[in-house]
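**Student:** A predicted structure for the sequence below; I have some questions about it.
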Amino acid sequence: MSARAISDLVVPRSGQSIWLITLSAAAMGFLAVFALALSVTSANLARGWSASLAQTATVRISAAAAELDAQTAIVLDVLRTTPGIAEARVMVVEEQAALLEAWLGPDLPLDALPLPRLIELRETEEGPDRQGLRLRLSAEAPGAVYDDHTRWRRPLAQAAARMRTFAVFSLVLIGAVMTAIIALAASASLASNGQVIKVLRLVGAKDRFIARAFVRRISRRALLGASAGTAAACAALLTMPELDGTAHVLAGIGLQGMGWALPLVIPVLAMALAWIASMATAFYVLKGVT
Amino acid sequence: MIAFEDVSHDYGGGPLFRDVSLRLEQGSFHFLTGPSGAGKSTILKLCYGELQPSSGTVSVLGHDLGKMARDQLAETRQRIGVVHQDCQFLDHLSVAQNVGLPLTTTGRELAESDLTDLLGWVGLGDHASALPPTLSGGERQRASLARAVIAGPRLLLADEPTGNLDWDMSQRLLMLMVELNRMGTAVLIATHDLNLIRFAKAHVNARVLRFAGRKLQIAGAEL
């Protein structure tokens, strides 16, 4: 057997601290996948919501049934002559029903509801003079209200950004807790293997050799545990229900496409953290052992 | 090779020995003898830096052990073979792996045949893959000696290396140390066994250091 192979064996395989490292890495890997998925999801939602709401607006016309068609015609006329409006289109009843379906369910008796008429606008990149448009509409069609979705878009974007911050903070927290657990476990492992350290010291082993013997064992266990935890979490994410019916609102939830490659980073990162934490701990502990 | 200057040691209950000064040259062969508790093992531990003297300086291979960084001390120990009285091993490794540890820790490889020859010489040829806890006291001492000599040390320190061995095996192991000494290794053996000292003197120019009171002195011709 080569010297390198034997140096891998100088630390006994048994020991509770090694199991603690494996289990904690598995748990942290599992949680990290969900934090990562939350981070990716919030970014996707923010992007999706912004993209779907940007450069769109709505004019809502509330008027008595007798005046509704006349006011609609006036509003369409105003919109056609307003710079910055690329397209204006009256939404048909089926489209309004589809919008309300998410809240009130299917088979909605629209005739029984006093629904306003909706005109969907597509704006140019420059967009219209919004304040001027509001003034013209209030003057020519008092029942028309221009809504550029700002009041929806801003809180949605803020919520998504906050979610992403929480997710990233969770990832940092998970990494910090795992590092602390591994440092404690490494310290316990070194303490419980005092005899091994003593023998290695007596035959002339340097700190680096002794530390590496422990660090290799600990890092491998962290990699193994984090890989198992990551795999379990990915399997759990795959069991999430399909969101076909609400895709327009919740599109981008979970990991999708190339996003599934991101969890592969977690075991590698866990091993790197374990290596750093255990190496630092080993050198610190070995300082006190002659 | 080894230089003690006014070395005293105290475990907390008064001085074990006082103002010990000695100089062991390269290629020398010394025995260290004296009553139990006189400080023989302590002298050996001071030689490889497991203990630091209460006062005075200990230099080994030209370096003051008290001023060494840990890695420097490790490098010095790589050139010292030690046979401990309590024969400490890594119990989860085989005898062969334990014997090869001084090479493993420095990344050196040992030819399988050399290891087999060495284990055969100390009478452990059939125990190469045995685990240390399964060995008898005498077998552990022989394995400890094999580990001490495997890297070709410049200094060999042995604490009662034949304490659990029969006379034939004791002579055999002593001859191994004599051979090493002939190749330039300085040898210092702590022992109670006067027969072993007499046997050695017939083969090598060995000197005897004896504790008398709390001082260490060269023994007379009676040894």
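**Tutor:** Noted; the coordinates are in hand. Values in this document were obtained by computation on a predicted structure and should not be read as measured data. Numbering: from 1, shown residues only, chains lettered A, B, ... in the order given.
**Student:** switch to C-alpha atoms for all contacts and neighbour counts from now on
**Tutor:** OK.
**Student:** tell me which parts of chain B are close to chain A?
**Tutor:** Remark: the part of chain B in contact with chain A comprises B:50, B:70-71, B:73-78, B:81-82, B:88-90, B:92-93, B:97, B:101-109, using CA under 8 Å from any CA of the partner chain.
**Student:** for PyMOL, what selects the buried ones among the residues you listed?
**Tutor:** Applying 16 or more other CA atoms under 10 Å in any protein chain shown to those, the buried members can be selected in PyMOL as follows:
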select buried, chain B and resi 50+70+73+74+75+76+77+78+81+82+88+89+90+92+93+97+101+102+103+104+105+106
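**Student:** just the ones in strands from the residues of chain B next to chain A, please.
**Tutor:** For these, membership in strands holds for B:Gly81, B:Val82, with DSSP state E as the criterion.
**Student:** count the neighbours of A:Leu23 for me.
**Tutor:** Other residues near A:Leu23 come to 19 when the count uses other CA atoms under 10 Å in any protein chain shown.
**Student:** next one: A:Val172
**Tutor:** Neighbouring residues of A:Val172 were enumerated by other CA under 10 Å; the total is 14.
**Student:** average pLDDT for whichever strand or helix holds it?
**Tutor:** Here A:Val172, judged by DSSP states H and E, is contained in helix A:150-192. Confidence for helix A:150-192, expressed as mean pLDDT, is 89.
**Student:** off-centre distance for that helix?
**Tutor:** The gap between where helix A:150-192 is centred and where its chain is centred comes out at 12 Å by CA atoms, centre = their mean, to the nearest Å.
**Student:** report whether it contacts chain B.
**Tutor:** No: in this structure, helix A:150-192 remains apart from chain B according to CA under 8 Å from any CA; the gap is never smaller than 13.3 Å.
**Student:** name the residues that touch the very next helix or strand once past that helix?
**Tutor:** Tracing the chain past helix A:150-192, the next element assigned as helix or strand by DSSP H and E is helix A:194-202. For helix A:194-202, contacts defined as CA atoms under 8 Å, 6 or more residues apart in numbering or on different chains pick out A:10-11, A:190, A:210, A:290, B:74, B:77, B:82, B:88-90, B:101, B:105.
**Student:** what of stretch A:21-34?
**Tutor:** When contacts are taken as CA under 8 Å, 6+ apart, the neighbours of stretch A:21-34 outside the stretch itself are A:170-171, A:174-175, A:178, A:181-182, A:185, A:218, A:221-234, A:263, A:266-267, A:270.
**Student:** check stretch A:266-282 too.
**Tutor:** Defining contact as CA under 8 Å, 6+ apart, one finds that stretch A:266-282 is touched by A:25, A:29, A:32-33, A:175, A:178-180, A:182-183, A:186-187, A:190, A:211-212, A:214-216, A:218-220, A:222-224, A:226-227, A:230.
**Student:** what is the rounded mean pLDDT of that stretch?
**Tutor:** 95.
**Student:** give the contact list for the closest residue to B:Thr33 other than its chain neighbours.
**Tutor:** Closest residue to B:Thr33 apart from its sequence neighbours, by CA to CA, 6 or more residues apart in numbering or on different chains: B:Arg210 at 4.8 Å. Under the criterion of CA under 8 Å, 6+ apart, the contact list for B:Arg210 reads B:Leu32, B:Thr33, B:Gly34, B:Leu216, B:Gln217, B:Ile218, B:Ala219.
**Student:** in helices only, show me those.
**Tutor:** Mapping the contacts of B:Arg210 onto helices (DSSP state H) picks out no residues; all lie outside.
**Student:** are any of those residues buried, and which?
**Tutor:** With neighbours counted using 16+ other CA under 10 Å, the contacts of B:Arg210 contain these buried positions: B:Leu32, B:Thr33, B:Gly34, B:Leu216, B:Gln217, B:Ala219.
**Student:** closest one of the residues you listed to B:Glu5?
**Tutor:** Proximity of the buried ones among the contacts of B:Arg210 to B:Glu5 was ranked by CA to CA; the top entry is B:Leu216 with 12.2 Å.
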